[in-house]
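> this one's structure only:
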C-alpha cells in the first residue's frame, strides 16, 4: 500500500512539473516573438527618424540656395515610404494584440 501511494505521489509530482515547464516554455516563446517585433519596430522608427532628418537637411539646403531641386522630391518620397512602412507595421501590431 505504501508503495502504491509513493508511486502515485511520484506521478502527480511529475505531471505538475511537466505542466509548469510547458507553461514556462510557452511564455518564453511568446516573449521571443514579442522581442523580435519590438526590435523591428525600433528599426523602423530609426529609419523614419533618419528619413525626417534627410528631409530637414534638403529643406535647409533649399532655403540656403533659394531654389528647390530634385533632391527634395527624392527625400520626400523616401520619407513617405518609410512613414507608410512604419504605419503598416504598427497597424498589424495593433490588430494582432487587440484580441
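Arrived safely. Note that the structure is a prediction, hence the values are computed from the model and not measured.

> the helices in the chain, which residues?
2-65, 70-96 (DSSP state H).

> Make a markdown table from those and add mean neighbour count and mean pLDDT to it.
Yep, even glycine has a C-beta here, placed from its N, CA and C like the rest. Formatted as a markdown table, the helices of the chain follow (neighbours: other C-beta atoms under 10 Å; pLDDT from 0 to 100):
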| stretch | mean neighbour count | mean pLDDT |
| --- | --- | --- |
| helix 2-65 | 12 | 89 |
| helix 70-96 | 13 | 87 |
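
> how much space between residue 10 and residue 91?
51 Å (C-beta to C-beta, to the nearest Å).

> nope, residue 6 is what I was after
57 Å.

> middle-most residue in this protein, spatially?
Nearest to the geometric centre of the chain sits residue 37, at 2.2 Å (C-alpha atoms, centre = their mean).

> What distance do you get for residue 20 to residue 2?
Taking C-beta to C-beta, one finds residue 20 at 27 Å from residue 2.

> typo on my end, it should be residue 26
Using C-beta to C-beta, residue 26 is found at 36 Å from residue 2.

> now residue 49
Here residue 49 is placed at a distance of 70 Å from residue 2 (C-beta to C-beta).

> same question, residue 52
74 Å.
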